[in-house]
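# Fold the following and give me the result.
(chains A and B)
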Amino acid sequence: MYDIIVVGGGHAGCEAALASARRGHKTLLITGNIDNIADMPCNPSIGGSAKGIVVREIDALGGEMGRCADKSLLQIKMLNRAKGPAVRSLRAQADKITYPKNMINTLKKTTNLDIKEALVKDVITKGNIVNGVLLEDDTSINSKAVILTTGTYLNADIMVGNTRHREGPHGEKPSNYLSDNLAKKGFNIKRLKTGTPPRILKSSIDFDKAKIELGDSEELTFSFDNEIFYDVKKQIPCHLIYTTPKTHEIILNNLNKSSMYGGLDDIKGIGPRYCPSIEDKVVRFKDKERHQLFLEPESLFYDDIYLQGFSTSMPTDIQEDMVHSLPGLEKAKILKYAYAIEYDAIDSKQLKFSLETKIIENLYTAGQINGTSGYEEAACQGLIAGINASLKLENKEPLVLKRSEAYIGVLIDDLITKGIRDPYRLLTSRAEYRLLLRSDNADLRLTDYGYKLGLISDDRYNKFNEKKKAIQMCMDEFKSVRVTPKENDYLATLNTEILSAGMSLYELLKRPEIDVTSLTKYLSNEYDKAVLEQIALEAKYEGYIKKSLIDVRKMEKAEKTKIPENFDYDSLHNLASEAKQKLKEVRPDTIGQAQRISGVNPADISILTMYLKG
Amino acid sequence: MDDTIAAISTALGVGAISIIRVSGSEAIEIVNSIFTKDISNVKSHTIHYGFIVEKNEKVDEVLVSVMRGPKTFTTEDIVEINAHGGINTTNKILELLLVHGCRLAEPGEFTKRAFINGRIDLTEAEGVMDLINSETDAARKMALNQVNGKVSSLISNLRNDLAGIISNIEVNIDYPEYEDIKIMTIDDIKSQISTIENNINTILKESENGEILKNGIKTAIVGKPNVGKSSLLNRLIGEDKAIVTSIKGTTRDSVEATFNFDNIVLNLIDTAGIRDTDDVVESIGVSKSIKLIDEADLVLFVLNYNERFTDDDYVILEKLKNKNYITIINKIDLEKKIDDSNLKNVVYVSALEDKNIDDIKLKVKEMFNLDKIKTADLTYLTSARSKAILVKVLKSIDDVKKGLETDVPIDMIEIDLKNIWNLLGEIIGESYDEELLDQLFSRFCVGK
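Next comes the predicted model:
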């Protein structure tokens, strides 16, 4: 008898199993193939815009992805440096061999955690409560809670040209029964699709024809442990190339052979709104003369190059022609062909904020089964599901992060309140308070939660508190130390207006041309770069931060009005029928959540508010 | 429900005093911020005389009643502003209240608050519910219709252009690796923002005119005695065979005659006895003129061609500085004695000989831009709420400009841009939804 069973060993499953086991619950991780645990079946990178911030958040809560990525870096850079502090985000190329290896080592070292190779056919329930899982060989394993993190494996079909095969990524065994059995229990099953590009033999590429893309020259880490495991001078480059008119000609001439454009006539899956394949790009953006492609190294231990931007479901012979039309790839050898994949997902509106399903108690889902796309999106859900399943078994309130607290909060609220139409990718534009949700302050936002949950070590927590104290002290100094006109000679060297009267360092720092480091000579203490960064952000963007905080307060006010779980929306005759239907479907917990449901307009909200208060 | 609400609680129309009611915890504070007298500590259930002001400029002369909760209809603090009947003034005051933090009350909301706060008992509640239900349904329709087609599509276009900029910024941020996507520059944003600003200013201006066109122009004829005001009026009215209705005036102000030409309605105020006897009108002196000027949307300032400019004229002229006014120099059939070199908006007429009277009408049209406005499809906003939102938009546009000037990074600028986009959406009744993301994915080629 286990406390918690996690079904699936991908990025969601690993975080879920670790969180559960680390919190002292006897945990079983079931995976179709032990060798594929924490596999990166698509792009060899971790992070990216918004996603990099999520990795930092996972780390601050005591998850594993950040640390694991830091140990597996091929290259890392900070994106959007010039576009402002709110949108800076880390992106790394991670080694596809090293990353899973590091993760498996961590899993194996973790007490309370067993790993088993098997396929799950069904979840066992007792009344309305989950009681374990039934394997495809008909043995059953009991547990008090189950977390499903099955990725793209539910009824997965791989599609290349006019062929369709029932199999998971990389020819793995798919799960043929679980999704049908979930449907029988009342889950609405959606069909989604995505794809992956071909892998090319490195030695067959002429890199002279490509533009080199390097990592940053500054040492960077995802984890707030700040431990450096890579040599900043020996990062592996990526390369940029462009499609040619010939490439477009081949695609357009063979369009009907692509699975998605007529090669297969039974496509049901809904692909992402962004272009999932190169043929989509060429068809939908006819005027664009070229599309950019990145040549990304997959690992130091083998020779595959990932051709980012070239996903396709063309037959293999056309793929050969397409690849050979690219500059530097005229003689390229394709090691793995591109393919599209169709898979089942559940309707995320059938979940609670804890990621527990509304239909079956103690059953949780996380990752692509919930309709998201991306390793980071999966990992953060896994972490939250693991935390909340264990809290549930301890009879404690779940951890629900607010939209103003974390991208993780934005993602989960979107899933539950808005639902998904196509595979959900996290974007900074989905966050309305992104100035508060920065890469630099993820630790300040979330470490306390991680520590209280027992997922952050005392040592790490002490360091965190020291940092917090230093920020306060530094802020006090900046606000109390005054600079007088006596310093005008020095100020002139900073290309800033000289002073006619005294001014606090903090006021001076507000000037756009003043860099925080140019003022440290006036401080009596020395501070870390990370500490000074917090002061500079606060000083320079105070007005904007205030605006965001005002918006947050407005939202929080609306979140305070709770809606009873079984509220009878039909009794409010004058709610618009669309609003009624949406409200019944989502069953929002609060007025604040109800406001975010599309199709519910302000008049409906005021009627609802009135009834709740009356 | 803890926000402070405001609404005009009398039927909008000419001739009556209008009452604007404000209810909520900040009612007194908000009214105080636009009222000349400090009412923050006055006793409950008292009435106060003063002016509603906007940036030190008088908007209207009013009586303000202060009633502190819980002994009020809603049980909250209530302030009522008794204003002049003019639609423009009343709307202007409401607009000011909204800009200062009130929310426009929905129909029935005062009753609703009374109910929620336990002021009305359960038996009454059923009836109230029905009332509210029906009114909110109507409110939904109203919200949809309050901006007419033309202005709605104009705002919708502005909003779309803005969405183009926002989604371009977003795609630069969320897909930084796409090097051939255009990077939004400060100049791009500046020019777009100016276009929006100009359009909004036009909408606001035309709204004012549109409203004037719809509701009539509150017109005062002023001038020293014996310049020919009454004969001028009689000439205007006589010429057009206008219907002159005598509406019983209240004690505060009144429209005593309306006449129209080319679909334009002039509401003449204080014409006391104008048709009966010249003497009464001619007795209207400077002090009376000044009072009339305050109330009017348009002032016809009548001067005598045959008479030198006097100190009294200067007093009136000074008062007219920020008003729409036409200087009518009458009696051109006589010898010229007036020094007209520094006068503006001048029309030369002879009421006696019926010369150039039509020039006055042309001038009115020109002044209110009325030629450009087609009566069928007016480019204007009718609700104070929409106007208050546009004022907020202008404020955010200012913030964007300031941000651009001080090299604030694009992610901060975007906060204000998104705010503008949301506000414009509020006017045309569109919410956030997934619209911006759709824009992003449909305009830019990004993928995996």
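# List the contacts of residue 196.
All of this refers to chain A. Counting by CB atoms under 8 Å, 6 or more residues apart in numbering or on different chains, residue A:196 makes contact with A:41, A:42, A:169, A:311, A:338, A:339, A:341. (C-beta placed from N, C-alpha, C; glycine too.)
# Switch to chain B, please.
Counting by CB under 8 Å, 6+ apart, residue B:196 has contacts B:158, B:161, B:162, B:393, B:397, B:420.
# which SSE is the third one in?
This means residue B:162. Element membership of residue B:162, judged by DSSP states H and E, is helix B:149-174.
# Which strands or helices does that helix pack on?
Applying 3 or more CB pairs under 8 Å, 6 or more residues apart in numbering or on different chains; DSSP states H and E, one finds that helix B:149-174 contacts helix B:186-215, helix B:410-428, helix B:435-443.
# What residues does residue A:174 make contact with?
Here residue A:174 is in contact with A:153, A:154, A:155, A:156, A:166, A:167, A:168 (CB under 8 Å, 6+ apart).
# and the residues you listed, which are buried?
With neighbours counted by 16 or more other CB atoms under 10 Å in any protein chain shown, the contacts of residue A:174 contain buried members at A:153, A:154, A:155, A:156, A:167, A:168.
# Residues of the stretch 1-150 of chain A that sit close to chain B?
A:42, A:43, A:49, A:50, A:79, A:80, A:82, A:83, A:84, A:85, A:86, A:87 (CB under 8 Å from any CB of the partner chain).
# Of the helices and strands packed on helix B:149-174, which is nearest residue A:320?
With CB to CB as the criterion, residue A:320 lies closest to helix B:435-443 of the helices and strands packed on helix B:149-174, at 30.0 Å.
# what is the mean pLDDT for that closest one?
Here helix B:435-443 scores 68 as its mean pLDDT.
# Please enumerate the helices of the stretch 1-150 of chain B.
Remark: helices assigned in the stretch 1-150 of chain B by DSSP state H, counting those that start in this stretch are B:27-32, B:87-99, B:109-116, B:122-145, B:149-174.
# ok, back up a step: what's the angle between the helix holding residue B:162 and helix B:410-428?
160 degrees (axes from the mean of the first three to the mean of the last three CA atoms, to 10 degrees).
# Quick check: buried residues in helix B:149-174?
B:151-152, B:154-156, B:158-159, B:162-163, B:165-174.
# Can you name the residues that contact the residue most central in space within chain B?
The centre of chain B sits closest to residue B:92, judged by CA atoms, centre = their mean, with a distance of 4.5 Å. By CB under 8 Å, 6+ apart, the contact set of residue B:92 is B:54, B:59, B:60.
# redo that, cut-off 10 Å
B:52, B:54, B:59, B:60, B:83, B:86, B:208, B:384, B:387 (CB atoms under 10 Å, 6 or more residues apart in numbering or on different chains).
# For the fifth one, name its beta-bridge partners.
Looking back up the chat, that one is residue B:83. residue B:18 (DSSP bridges).
# Equivalent analysis for the fourth one, please.
Residue B:60 has the following beta-bridge partners by DSSP bridges: residue B:52.
# Just confirm it contacts residue B:94, I think it does.
No - using CB atoms under 10 Å, residue B:60 is not in contact with residue B:94, being 11.4 Å away.
# Need the overlap of contacts for those two.
What both residue B:60 and residue B:94 touch, as defined by CB under 10 Å, 6+ apart, is the set B:18, B:81, B:83.
# any idea how far the last one is from residue A:104?
Think residue B:83. 76 Å (CB to CB, to the nearest Å).
# Between these two, tell me which one has more neighbours.
Just comparing residue B:83 and residue A:104: by other CB atoms under 10 Å in any protein chain shown the higher neighbour count belongs to residue B:83, 25 against 18.
# count of residues packed around residue A:287?
5.
# per-residue confidence for it?
pLDDT at residue A:287 comes out at 87.
# Please apply the same query to residue B:107.
65.
# Sketch out the low-pLDDT regions of chain A for me.
A:275, A:573-574, A:602-603, A:606, A:610, A:613-614 (pLDDT under 70).
# mind running it again at 80?
Residue ranges of chain A with pLDDT under 80: A:170, A:270-276, A:571-577, A:599, A:601-614.
# Against which helices or strands is the longest helix seen in it packed?
Longest helix in chain A, counting residues (DSSP state H): helix A:458-480. In terms of contacts (3 or more CB pairs under 10 Å, 6 or more residues apart in numbering or on different chains; DSSP states H and E), helix A:458-480 is packed against helix A:51-60, helix A:442-452, strand A:503-504, helix A:505-509, helix A:529-540.
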